[in-house]
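In: The sequence and its predicted three-dimensional model are supplied below.
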Amino acid sequence: MAGEDDKGTARPGAERPRKLDRRDVLMGLSTVPALGLFGYAWRRQHQYQRARIEAATAAPVAGGALQEINVALLGAGAQGQVLIDAMLRIPGLRFRAVCDIWSEYNQRRVVNQLKRFKHEVNGYEDYREMLDKENALDAVVIATPDFWHAPHTIDCLKAGKHVYCEKEMSNTLEGARSMVAAARETGKLLQIGHQRRSNPRYLHCYEKLLGEAKLLGRIVTVNGQWNRAVAPDLGAPDRYAIPDARLKQYGFKDMHQFRNWRWFKGLGGGPIVDLGSHQIDIYSWFLGANPSHVMASGGLLYHDPATHEWYDTVMAVYDYDTPQGPVKAYYQTQTTNGSQGYFENFMGDQGTLLISESEVNYAGRLYRDPNAPAWDTWVQRGYVTAPKLQEVKEQAEGAVADVRESVSPDEHLVPVALRDPYHQPHLQNFFDAVRGKAQLTCPPEIGYESAVAVLKVNEAIEAGSRLAFGKDEFEV
Amino acid sequence: METGTLGRWPMIAITVMRVFVGWHFLYEGIAKLTATSWSGAGYLKQARGPFAEWFRWLASQPNLLANADQITMWGLTIVGLCLVLGLFTRLAALGGIAFILLFYFANPPFVGYFYSLPTEGSYLIVNKNVVELCALLVILVTRSGRFAGLDRIVHGLLGRRPRLAAA
């Protein structure tokens, strides 16, 4: 190539063999110092960024001699991947096994990933075989489709393992009840994956802003949503397809149903369960009560009924009888337009809390009603940020403001950020509990209450009427 | 010995330009590599222009997107490194041009397109991507790596071999 470049140029001498002289070497290396300068500038920049991130993150758990926990992953799909990525950042874990019926693809992917991180893991298709052979396991993390949660969790608990099980706890209340019973019977830990329960921002809002400072006053209404844009059905390359016999053995009709189980009755619960249960769990947590009634409307308005069974659009209204008084709580989820994303919004007579798990959108904003007492104390204590300066509003020409129009409330931010993957604190809480150093933030009883509240929405849509929750319906 | 195709001062100016363009590529790559989770998905999803459909399709395929993200991050870093050092300069310039063409045609500032991702200036058809692409064209055709850069050493070492020189 070097020779080619010289052909056709005006300097015939270029093709003559020649030696490198001192000048060539100096000129050759003359731009290397630029790289040094770059390295220096980049390091400084990186340090500033690190310092900013560290300032925003809570102090890490002290390392030292951590008792190592032997972990297996049961269910290596998209959610299993999310959990693995978070767990790889948690010290003191030793991965031993990965179980997934899709041995051709998902299982292999996660096994290979863990091996890259120097974990000696075995891959399994059958979880019973895994429980038989992997005697050293302390804990199993379950991220299989909802209808497998109960059998998987119960068998793992009975084999003497602590279990972290993704939400929804189960697609049936009988399943969820038997999971609570198995946890009590075996005395093993069972954490349900409502990960906002361990999120430092939610904990700050619950303990400090609502519990101690009572910034919202008397909460009367709640609204929340998860709007998600249309997503194509998940596919799989033919060469990785699971043989039909194996799909049937594990309860799936075909590869399409296996990949898109969330949309099928008897397997999952549809968007209200996949998305809504996270947020409706927060309604009950922050209000300190379980709902008394629910009415709901929903349907399969957009997606193809041939390949989708559950409602793609759901709107629900809950009634709560809280210790402070009655509350109405609205929730909607739809899967055809992602505008305004997902959040929960609590409105009291003194203020509003707009919060979301997202670190990017609605990460935590508070609005103080102009009639409420000043929040200076809470700003000084660092519970909320100083109010945002209001923009001077230009009055539209000719506009006449009504005297009854409300004055804009002050906007404050919740000064707590999470700079780790969203699921990491919840998994950390589980493993801390396994070591006896923490209480579970979402034990099975809470997961059960949440399942009761959420599964009732699908019932109410089918019934087409307002349904009441029995007083003892949340007990197990 | 070798002063490139132009005089000394023009070659120095072009070399300075090469180092700066390389610096920019290098940091674009490294910043993405060190970010906790960078992905080109947002950029691809708002694609416009003649190849919009292809870019959006790429963004909707998680496996392909992951590969495209890796290629972008490492590609930018390697191109940047080579341009700063003047190593395989012409190949690096070509690679850089290929990247910029992809970026440009994903979100071209054509008449009548309006974007939501922030830009720091005002553009009509020509944006800074195109200007950087032109800079790479100049670097490509002037052999600045052989004026000041590791190519000069590589070329000098290989140049002694008669077999290669005659090729």
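Out: On my side now, so go ahead. Numbering: from 1, shown residues only, chains lettered A, B, ... in the order given.

In: low pLDDT regions in chain B?
Out: Within chain B, the ranges that satisfy pLDDT under 70 run B:1-5, B:116-120, B:159-167.

In: mind listing the helices for it?
Out: Taking DSSP state H to define them, one finds helices in chain B at B:8-34, B:41-45, B:52-59, B:62-85, B:89-106, B:128-142, B:144-147, B:150-159, B:162-166.

In: burial measure for residue B:123, as a count.
Out: Using other CB atoms under 10 Å in any protein chain shown, residue B:123 has 14 other residues around it. Placement of C-beta: from N, CA and C, glycine included.

In: For the stretch 251-400 of chain A, just list every one of the strands.
Out: According to DSSP state E, counting those that start in this stretch, the stretch 251-400 of chain A carries its strands in the segments A:291-299, A:313-322, A:325-334, A:342-348, A:351-355, A:365-368.

In: Dump those to CSV, plus distance to residue A:374.
Out: Output for the strands of the stretch 251-400 of chain A, formatted as CSV (distance: least, CB to CB, whole Å):
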stretch, distance to residue A:374
strand A:291-299, 34
strand A:313-322, 26
strand A:325-334, 25
strand A:342-348, 16
strand A:351-355, 12
strand A:365-368, 8
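
In: if I look at residue A:435, how far off is chain B?
Out: Going from residue A:435 to chain B by CB to the nearest CB, to the nearest Å gives 27 Å.

In: show me the contacts for the most centrally placed residue in chain B.
Out: For chain B, residue B:96 is the residue whose C-alpha lies nearest the centre (CA atoms, centre = their mean; 2.1 Å). Contact analysis of residue B:96 by CB atoms under 8 Å, 6 or more residues apart in numbering or on different chains lists B:21, B:25, B:79, B:83, B:132-133, B:136.

In: Can you tell me which of the helices of chain B is most buried?
Out: When neighbours are counted by mean count of other CB atoms under 10 Å in any protein chain shown, the highest per-stretch mean among the helices of chain B falls to helix B:144-147, a mean of 29.

In: same for it, what does it pack against?
Out: helix B:8-34, helix B:89-106, helix B:150-159 (3 or more CB pairs under 8 Å, 6 or more residues apart in numbering or on different chains; DSSP states H and E).

In: was I right about residue B:88 contacting residue B:78?
Out: No. Under the criterion of CB atoms under 8 Å, residue B:88 is not in contact with residue B:78, lying 9.6 Å apart.

In: Let me know the secondary structure of residue A:221.
Out: Here residue A:221 is strand, with the state taken from DSSP: H, G, I helix; E, B strand; the rest coil.

In: where does residue A:146 fall, phi/psi-wise?
Out: The phi and psi torsions at residue A:146 (degrees, to the nearest 10) take the values phi -50, psi -40.

In: Identify the residues contacting it.
Out: Residue A:146 sits in contact with A:168, A:170-171, A:261, A:267-269, A:273, where contact means CB under 8 Å, 6+ apart.

In: Leaving out chain neighbours, which residue sits closest to it?
Out: Spatial nearest neighbour of residue A:146, chain neighbours left out: residue A:171 (4.2 Å); criterion: CB to CB, 6 or more residues apart in numbering or on different chains.

In: So that neighbour is in contact with residue A:268, correct?
Out: Yes. Look at residue A:171 against residue A:268 with CB under 8 Å: they come within range, at 6.3 Å.

In: tell me, what's touching the two both at once?
Out: A shared contact of residue A:171 and residue A:268, defined by CB under 8 Å, 6+ apart, is any residue touching both; here these are A:146-147.

In: Which one of the two is surrounded by more residues?
Out: Of the pair residue A:171 and residue A:268, residue A:171 is the one with more neighbours under other CB under 10 Å, namely 24 against 20.

In: On the three-state scheme, that one is what?
Out: Classification of residue A:171 by three-state DSSP places it in coil.

In: show me what contacts it?
Out: Applying CB under 8 Å, 6+ apart to residue A:171 gives the contacts A:146-147, A:149, A:266-269, A:273, A:455.

In: Count the neighbours of residue A:167 for me.
Out: For residue A:167, which is what you asked about, the neighbour count (other CB under 10 Å) is 22.

In: now swap in residue A:436 and tell me
Out: Look at residue A:436: counted by other CB under 10 Å, it has 8 neighbours.

In: same thing with residue A:379?
Out: Every residue meeting other CB under 10 Å relative to residue A:379 is counted, giving 15.

In: Isn't it up against residue A:388?
Out: No. Using CB under 8 Å as the test, residue A:379 is too far from residue A:388 to be in contact (11.9 Å).

In: Overlap in contacts, these two.
Out: Taking CB under 8 Å, 6+ apart as the contact criterion, the common neighbours of residue A:379 and residue A:388 are residue A:412.

In: What backbone torsions are found at residue A:71?
Out: Here is the backbone geometry of residue A:71 (degrees, to the nearest 10): phi -120, psi 150.

In: residues in contact with residue A:176?
Out: Counting by CB under 8 Å, 6+ apart, residue A:176 has contacts A:150, A:169-170, A:444, A:447-448, A:451-452, A:476.

In: Of the residues you listed, which pair is most distant in space?
Out: Looking at the contacts of residue A:176 by CB to CB, the two members farthest from one another are A:150 and A:452, with 14.9 Å of separation.

In: can you list the domains in chain A?
Out: As recorded under automatic domain parsing, the domains making up chain A are A:69-196, A:197-389+A:405-421+A:441-468.

In: related to what we said a few turns ago, pipe the contacts of residue A:146 into a markdown table and attach pLDDT and distance to residue A:306 per row.
Out: Formatted as a markdown table, the contacts of residue A:146 follow (pLDDT from 0 to 100; distance: CB to CB, whole Å):
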| residue | pLDDT | distance to residue A:306 |
| --- | --- | --- |
| A:168 | 95 | 25 |
| A:170 | 96 | 27 |
| A:171 | 96 | 21 |
| A:261 | 97 | 16 |
| A:267 | 97 | 16 |
| A:268 | 96 | 17 |
| A:269 | 96 | 20 |
| A:273 | 97 | 21 |
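
In: what about residue A:67, neighbour count?
Out: Other residues near residue A:67 number 11, with proximity taken as other CB under 10 Å.

In: pretty sure it is touching residue A:436, no?
Out: No. Taking CB under 8 Å as the definition, residue A:67 is not a contact partner of residue A:436, at 9.1 Å.

In: rewinding a little: just the buried residues out of the contacts of residue A:171, in PyMOL syntax.
Out: With 16 or more other CB atoms under 10 Å in any protein chain shown as the burial test, the buried ones among the contacts of residue A:171 are selected in PyMOL as follows:
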select buried, chain A and resi 146+147+149+267+268+269+273+455
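
In: Out of the contacts of residue A:171, flag the one nearest to residue A:130.
Out: The shortest separation between residue A:130 and any of these is 16.3 Å, and it belongs to residue A:149 (by CB to CB).
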